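A.B. asks: The sequence and its predicted three-dimensional model are supplied below.
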Amino acid sequence: MDDPALPDPNIGPADIPDGLVKREAKKAAVWLGVAALFALAVLLAQPIMVIIGGIVFAAMIDGGQRLIARVAPFLPRGVRITLVLLGAVGFLAWLVTFAGGQIAAQAAQFPAVLETQIARLSALAQSHGITIKDFNLQQVAAQVLGSVGQVTRALGGIFGGFTTAFLIFILAIYFVIEPDIYRRGFAWMMPEESRKHFEGTAVRMGKALRMLLFGRLIGMTVEGVATWALLAWWGVPMAALLGLLTGLLAFLPNIGAPISGLLMVLVGFSGGTEMGLFCLAVYVVVQTVDGNIIVPMVAKRTADLAPALVLGAQLVFGLLFGILGLMLADPIVAMIKIALERQAERNDANRTPD
């Protein structure tokens with residue numbers, strides 16, 4: 001007769017006879033799976049961000065071909081996409097050939113001008129009783145300006161980040177040429193009852209991304225050209241470089257504008273108080289026009305993201321994924337917001353009335 005105190009020899013180490021323990025073990029396995037997926041996402045962060053960058057850039061190209069379609073609807077979609085790509089390549093070629101020499105020369109002078117102005121600010125702080133031991137202004141400024149170090153270095157070298165940019169460009173072309181293939185393929189991996197919902201979500205995400213990036217490009221163009229024109233009119237040194245930096249940094253909402261304004265004012269005061277005050281006025285005017293006219297106009301037709309939410313996402317994505325995460329933070333947040341809104345709409349539609 002079997003002893004009930006002895007374990008059942010038919011129960012293996014993976015068998016859990018107790019129902020409560022078995023349920024808790026399943027919950028623990030789910031949480032461990034989520035943690036493993038999160039760790040895998042962190043491990044594959046760079047490829048994931050490159051893929052997302054390709055999707056975002058594809059939305060930008062698609063928005064350009066849709067804009068051409070309004071003017072020339074008789075052109076095939078492939079021709080419109082080709083025109084957008086040729087326009088982008090042509091702009092880059094012009095930037096390198098015609099403006100590259102001037103901007104490169106200005107970029108070489110840029111660090112020396114900033115160091116001189118930082119030294120002046122440090123001396124001014126000391127004259128007001130703020131010693132270096134109490135407040136090392138040069139060190140703080142170096143840390144602040146370090147956030148744009150990648151941007152200024154990229155301007156000095158043509159091949160900086162070439163591999164990542166090339167991969168994003170190639171992926172964007174594949175995505176924009178035949179978007180239905182990838183959308184259907186992704187939907188095929190979902191349950192059949194969720195495929196229609198995903199199609200609607202993907203369409204809404206695409207529209208929001210196009211409008212968001214279209215508004216961003218308008219803001220970048222307006223800020224960059226206006227800054228360059230006004231600074232060049234007044235005779236501010238390195239006007240072309242400051243205009244280019246202002247336009248590029250405008251792609252980063254909340255963060256780009258203060259950095260470009262700080263650089264502009266520092267360079268302006270290198271030519272005297274009057275020039276510095278003019279640069280400050282240019283910054284205020286350009287940001288006021290962009291913030292009160294362009295941004296509200298675009299926000300009405302996009303995901304309408306809260307500024308604090310975007311800033312928080314930029315800080316988190318910038319820390320986790322670097323400059324690429326910083327650039328893609330608000331498109332990612334916009335897509336997440338739309339996905340949550342669509343899920344809430346689905347839950348409301350499926351909820352049975354009491």
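C.D. replies: Right, received. Where do you want to start?
A.B. asks: pLDDT score assigned to Tyr174?
C.D. replies: Note for Tyr174: predicted pLDDT of 90.
A.B. asks: Need the mean per-residue confidence for stretch 50-67.
C.D. replies: Stretch 50-67 comes out at a mean pLDDT of 89.
A.B. asks: Next up, identify which helix or strand Leu83 is on.
C.D. replies: helix 77-97 (DSSP states H and E).
A.B. asks: counting contacts, what elements does that helix pack onto?
C.D. replies: For helix 77-97, the contact count by 3 or more CB pairs under 8 Å, 6 or more residues apart in numbering; DSSP states H and E identifies helix 45-71, helix 162-177 as packing neighbours. For the C-beta atoms, the positions are set from N, CA and C on the backbone; glycine is no exception.
A.B. asks: And the ones you listed: which comes nearest Met190?
C.D. replies: The minimum distance between Met190 and the helices and strands packed on helix 77-97 falls on helix 45-71, with 17.7 Å, by CB to CB.
A.B. asks: If we go by neighbour counts, what in the closest one is buried?
C.D. replies: Applying a neighbour-count criterion of 16 or more other CB atoms under 10 Å, one finds 45, 49-50, 52-65, 68 buried in helix 45-71.
A.B. asks: Could you do stretch 24-40 as well?
C.D. replies: Buried, per 16+ other CB under 10 Å, within stretch 24-40: nothing.
A.B. asks: Distance from that stretch to the middle of the chain?
C.D. replies: Taking CA atoms, centre = their mean, to the nearest Å, the mean C-alpha location of stretch 24-40 is offset from the chain mean by 30 Å.
A.B. asks: Next: stretch 242-262.
C.D. replies: Per CA atoms, centre = their mean, the centroid offset for stretch 242-262 relative to its chain is 13 Å.
A.B. asks: Next: stretch 343-354.
C.D. replies: Using CA atoms, centre = their mean, the offset of stretch 343-354 from its chain centre is 33 Å.
A.B. asks: how about it as CSV, C-alpha atoms only?
C.D. replies: C-alpha atoms of stretch 343-354 as CSV (Å, rounded to 0.1, in the frame of the first residue of the first chain):
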residue,chain,number,x,y,z
GLN,A,343,-8.9,50.8,-28.7
ALA,A,344,-11.1,53.0,-26.5
GLU,A,345,-13.5,53.5,-29.4
ARG,A,346,-13.6,49.8,-30.0
ASN,A,347,-14.3,49.1,-26.3
ASP,A,348,-17.1,51.6,-26.3
ALA,A,349,-18.6,50.1,-29.4
ASN,A,350,-18.5,46.6,-27.9
ARG,A,351,-19.8,47.5,-24.5
THR,A,352,-23.4,46.4,-24.1
PRO,A,353,-25.8,48.9,-22.7
ASP,A,354,-27.2,48.2,-19.2
